[in-house]
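**Student:** Need coordinates for the following:
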Amino acid sequence: MKIAVPVKFVPDLVEELTIAPGGSALDTTWLRLIISEFDDHAVEQAILLKEHVGGQVTVLTIEAEGSDDFLFTAAAKGADQLIKFTGDFSNSNNHALAHVYADLLKLVQPDLILTGVQAHNDLDGPVGPLLAEYLGLPYVGYVAGITVSADHVVVRKEYAGGLIAEMELKLPAVLGIQAAEQPPRYVAYSKIRQVMGTAKIEERAVASLDTGGTVEVSRMFLPEVAERATMLEGAADQIADRLVSIFRELGTL
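**Tutor:** Numbers count the residues shown, from 1 in each chain. Presented below is the predicted three-dimensional model:
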């Protein structure tokens, strides 16, 4: 089985985010990028499937600070092929990334494509559904378990109230991983350094990006400080009467 995992890097929300002078984007001068949490789970799930049923795992990402380290870490976990797209991705969005990944995956023709279900900077939609559309493949998101059997997979999804759904898809397919069957494994740095001497990152240049279909950010700003809360004091009956009066003034009663 050939499994492909396209991953993306996102701003680290632990760090303080600042707005660029233009007012419509983040200042990337000191912006720290980390792998999207759900993408990390997608890589782990791919390695688990390889261990269970065999196959080859290919991890793809774009050029970014820390991308080489992550790819070598994926190799130390068990990934077989590492691909990094190079070029100017400063104005990229998920539509553009999906186009870049789709162009290569049409040639690779994997049996299964795993992506993170979402990322915290998905302004124009997650990569997974976009990728499935460009490749003409079925997509199921928020997956928390996969069973492979011959030419199809059975995926498990969790719904509110503890309900579990199982869906069967014919391969090839694209799945959005919410959680791997086990947490992403820890790899000792000594093993990563060892892999750096043997694993190879294939670089593929991207001349231009198709950024169509995205949203256009006109303004970014910090929340404005304002006093809009009304504190009600008094006995319970008095507060209840005041609430009814407020609701009537607003036209909700």
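**Student:** Only C-alpha atoms from now on, for both contacts and neighbour counts.
**Tutor:** Noted.
**Student:** so what secondary structure elements neighbour the strand or helix carrying residue 143?
**Tutor:** Per DSSP states H and E, residue 143 falls inside strand 139-149. Counting contacts by 3 or more CA pairs under 8 Å, 6 or more residues apart in numbering; DSSP states H and E, strand 139-149 is packed against helix 127-135, strand 152-159, strand 173-177.
**Student:** Worst mean pLDDT among these?
**Tutor:** Of all those, strand 152-159 carries the lowest average pLDDT, namely a mean of 92.
**Student:** Can you tell me what sits against that one?
**Tutor:** If you take CA atoms under 8 Å, 6 or more residues apart in numbering as the criterion, strand 152-159 is touched by 142-148, 164-172.
**Student:** In PyMOL, select just the buried ones from those residues.
**Tutor:** In PyMOL, a selection of the buried entries from the contacts of strand 152-159 looks like this (16 or more other CA atoms under 10 Å):
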select buried, resi 142+143+144+145+146+148+169+171+172
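**Student:** From the contacts of strand 152-159, pick the one nearest residue 99.
**Tutor:** residue 172 (17.9 Å; CA to CA).
**Student:** quick one on the thing from earlier: with respect to residue 81, which of the helices and strands packed on strand 139-149 lies nearest?
**Tutor:** It's strand 173-177; of the helices and strands packed on strand 139-149, that one is closest to residue 81 (CA to CA) at 18.7 Å.
**Student:** now that closest one and strand 152-159, what's the angle there?
**Tutor:** Strand 173-177 runs at 30 degrees relative to strand 152-159, counting by axes from the mean of the first three to the mean of the last three CA atoms, to 10 degrees.
**Student:** what sits up against whichever helix or strand comes after strand 173-177?
**Tutor:** The helix or strand immediately downstream of strand 173-177 is helix 189-196, counting by DSSP H and E. Residues from elsewhere that reach helix 189-196 (CA under 8 Å, 6+ apart): 72-73, 75-76.
**Student:** who touches stretch 36-46?
**Tutor:** 3-10, 57, 59, 74, 114-119, 176-185.
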